[in-house]
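Enquirer: When you get a sec, could you give me coordinates for this:
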Amino acid sequence: MDCFFEIYSEEIPAKMQPEAKEQLKNFLEKFLIDIEHESIETFVTPQRLVAHITGLAAQTKEKVEMVRGPKITLPEDIVEKFCKSHGVTKDQLTQQDNYFYVSQTTPSKKADEVISQAIHTVLTTFHWPKTMRWPQAKIKWVRPIRSIMVVLDQKPLIFDVDIVGLKTTDHTTGHRFLSPQKIQPKTFAEYVKLLKENKVILNDLERQKIIEDNLQGAVPDKDLLIENAGLAEFPVVKKGAISDEFMKLPKAVLRTVMKVHQKYFFFEDAPHFAAVCNVLENSVIKGYERVLRARLSDARFFYLEDLKVPLKDHDLSRIVFYKGIGTIKDKISRMSNILRGSEEGKVLRLCKKDLMTQMVSEFPELHGIMGSIYAKAQKEKDVICEAIEDHLRLQPQTELGAKVALVDRLDSLVGLIGSGVKISGSKDPYGLRRHALTIIRIYEKFPDFEPLEVLISKVLKQYKTLPSDTAQIVEQFIYSRFKIYYQEDAAYVQVAISKYPLHQLRKASQDIKEFVHTKEGEEFLKGFKRLLGLVNVNKTTGEILPLHESEIFLNAKLSKALTFSDLKSIAPHLTKFFNEITVNEGAPHIVQSRQNLLFALKQSIEVLGDFSKIV
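Expert: Modelled structure (predicted):
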């Protein structure tokens, strides 16, 4: 059978829609695991949460399973309690492996019952970041639900949904403004067709494509595209004009005002914007232009007022960095004690000053960007201006910006973690994960920067009251993010992580991966696993007396720092050693010599990586 249902509500916030679509699909895949079906598709529009299930069986299969009870040696009253809880008598139990078992049968359910239960469970367990109540409902939902349509095998499935004060219907409606007609589809294909005829595009990717194809040369913005597709069920792109007086504003200001406040698309060098409408009339663009004019007037006022005050004159002592560890001014002072170059000092004195400007107060997204713009207007060198903006990027591109960014992020991590700030699940209000990720990316691009461990120690010395183990905790936190960042190579990172500093870790893990996937690498891992199983000393006692050909070769390798090329040459000799020598048989001094050799070899190999993690 074919089944689809639609939960129709007031407008779902655009930023919640992608997660809602994915969550519904994941839920149904788990809930319908006991009933055969071919596929599940989910869709979301500003007002609809929709699921389409194909190849649905008429009913679930009856399930019989054996439930294990108490041991047969336990007192009678425990057995009786088990029987009572399952509604059986003792003579209905079976015995196996010294335990009582009861046979429990789950009867089959018809598809209509399964679907009604699924919808009920969706409504009661679905997670929305924010929810609300409305008079007839007993549950919270993202917005008030107005109707629920369910169609099973080309027939409407009608049942009470008392938790939202509704009964399912056999119909839905088209676009609430453009075509609010009653629609009674019998198949999913008909449902999609009728919606489109009534100005509703069900597929969010199709809505994005419509917007993208009609942007008429506007600068593409994927996030804005997704958001606009979540604002209009029938997107219509219209082009508006910007007064020439506003075109003198920095492009970053124009683009941010349009995107943040109005969700408009920006044109690089033209006095225009593109807006996504939910209506067809052309007159609506005049209203959009009027609202944008007011926003840009505010932005121009902020910009001109900010230019009157030199960046260096702003007082950062008025902004608290974090309670107990001072202000932004204190933070800059700590960083200045570590970065002592003249250009670095200039960047440090200016890089946070735009936090005090009116423009950044209104648009926090422009922090760093406005600092760079104002510094340039005040005749600072280009390298300084670029570094002011660059130090706040997730992946700094200039050496000067990266140096400031590195110390800035480490100062934040040490100060916040040392003050007891913790990450809880998805909650990371101070961006600790983002700081760690930026540090990793900086070392990836600039591996010759001062080692992480040295810098953390320097930063910690600037704080007088933080716990002494803060440095270790911060270091472990950054390394934990490294493993997640390079998750596809997590096993090889694990081999390298305790053996190399951060700036060498990526290359080392790649070298390990490349080595273990060679024929010699595979042979080496087998031999190293045997070595780990046989070595039973934790220090070398006495001298090594190499007698066998393979012992002589392996012993010769101990006198040098091993490379991965050495491991390739060691692999066949390690195999030969274990195949031809019984390590723990023979005279005591010979056994001890072999143990000394294996232990020394293990230590030499582990300089390159902890291969015990993958053998």
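Enquirer: Pop out the phi and psi values for the spatially most central residue of the chain.
Expert: By C-alpha atoms, centre = their mean, the chain has its centre lying nearest to S426, at 8.8 Å. Here is the backbone geometry of S426 (degrees, to the nearest 10): phi -80, psi 0.
Enquirer: Could you tell me which residues within stretch 64-75 count as buried?
Expert: Counting neighbours by 16 or more other C-beta atoms under 10 Å, one finds that the buried residues in stretch 64-75 are G69. From N, CA and C alone the C-beta is placed, and that goes for glycine too.
Enquirer: just the helices in the stretch 251-400 of the chain please.
Expert: Counting by DSSP state H, counting those that start in this stretch, the stretch 251-400 of the chain has these helices, from start to end: 251-256, 284-307, 328-336, 342-350, 358-362, 369-377, 382-390, 399-418.
Enquirer: picking that back up, any idea how far the residue nearest to the centre of the chain lies from A270?
Expert: Separation of S426 from A270 (C-beta to C-beta, to the nearest Å): 40 Å.
Enquirer: Ok, L558 next?
Expert: For L558 relative to A270 (C-beta to C-beta), the value is 71 Å.
Enquirer: nearest residue to H548 other than its sequence neighbours?
Expert: With C-beta to C-beta, 6 or more residues apart in numbering as the criterion, H548 has its nearest non-adjacent residue at 5.8 Å, and that residue is I581.
Enquirer: The one you found - how many residues pack around it?
Expert: 16 (other C-beta atoms under 10 Å).
Enquirer: And the pLDDT at it?
Expert: We note a pLDDT of 87 for I581 in this prediction.
Enquirer: List the residues that contact it.
Expert: Residues in contact with I581 (C-beta atoms under 8 Å, 6 or more residues apart in numbering) are 548, 550-551, 594.
Enquirer: hang on, the earlier thing: make a markdown table from the helices of the stretch 251-400 of the chain and add mean neighbour count and mean pLDDT to it.
Expert: Shown next, in a markdown table, are those (neighbours: other C-beta atoms under 10 Å; pLDDT from 0 to 100):
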| stretch | mean neighbour count | mean pLDDT |
| --- | --- | --- |
| helix 251-256 | 20 | 94 |
| helix 284-307 | 16 | 94 |
| helix 328-336 | 18 | 94 |
| helix 342-350 | 18 | 94 |
| helix 358-362 | 19 | 94 |
| helix 369-377 | 23 | 96 |
| helix 382-390 | 21 | 96 |
| helix 399-418 | 23 | 95 |
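Enquirer: ok so, going back, could you dump the contacts of I581 to JSON lines with distance to L231 and pLDDT?
Expert: As requested, those are arranged in JSON lines below (distance: C-beta to C-beta, whole Å; pLDDT from 0 to 100):
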{"residue": "H548", "distance to L231": "76", "pLDDT": "84"}
{"residue": "S550", "distance to L231": "72", "pLDDT": "87"}
{"residue": "E551", "distance to L231": "74", "pLDDT": "84"}
{"residue": "R594", "distance to L231": "74", "pLDDT": "86"}
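Enquirer: Can you pick out the ones from the residues you listed that are in helices?
Expert: 550-551, 594 (DSSP state H).
Enquirer: Which one of the residues you listed is nearest to P18?
Expert: Closest approach between those and P18, by C-beta to C-beta: S550, at 59.5 Å.
Enquirer: hang on, the closest one packs against F577?
Expert: Yes - contact criterion C-beta atoms under 8 Å: S550 and F577 qualify, at 4.0 Å.
Enquirer: In terms of neighbours, single out the busier of the two.
Expert: The residue with more neighbours, out of S550 and F577, is F577; 24 against 20, by other C-beta under 10 Å.
Enquirer: secondary structure element for that one?
Expert: helix 564-580 (DSSP states H and E).
Enquirer: Tell me if I am right that H52 is in a helix.
Expert: No - counting by DSSP: H, G, I helix; E, B strand; the rest coil, H52 is not part of a helix but strand.
Enquirer: Number of residues surrounding P546?
Expert: For P546, using other C-beta under 10 Å, the count is 16.
Enquirer: I497 now?
Expert: 20.
Enquirer: Quick one: residues contacting it.
Expert: Per C-beta under 8 Å, 6+ apart, neighbours of I497: 479, 482-483, 505, 610.
Enquirer: Give me the buried subset of those.
Expert: With burial judged by 16+ other C-beta under 10 Å, the buried subset of the contacts of I497 is 479, 482-483, 505.
Enquirer: tell me the secondary structure for F4?
Expert: strand.
Enquirer: distance of it from P156?
Expert: From F4 to P156 the distance is 11 Å (C-beta to C-beta).
Enquirer: does K81 belong to a helix or a strand, and which?
Expert: For K81, the host element (DSSP H and E) is helix 76-86.
Enquirer: So what's the gap between stretch 603-615 and the chain middle?
Expert: Mean-position distance between stretch 603-615 and its chain equals 31 Å (C-alpha atoms, centre = their mean, to the nearest Å).
Enquirer: Which residues does that stretch contact?
Expert: 491-492, 494-499, 508, 512, 516, 525-526, 528-529, 532, 557-558, 561-564, 567, 570.
Enquirer: and what of stretch 55-70?
Expert: 1-3, 32, 34-39, 78-79, 82, 86, 93-94, 99-111, 114, 152.
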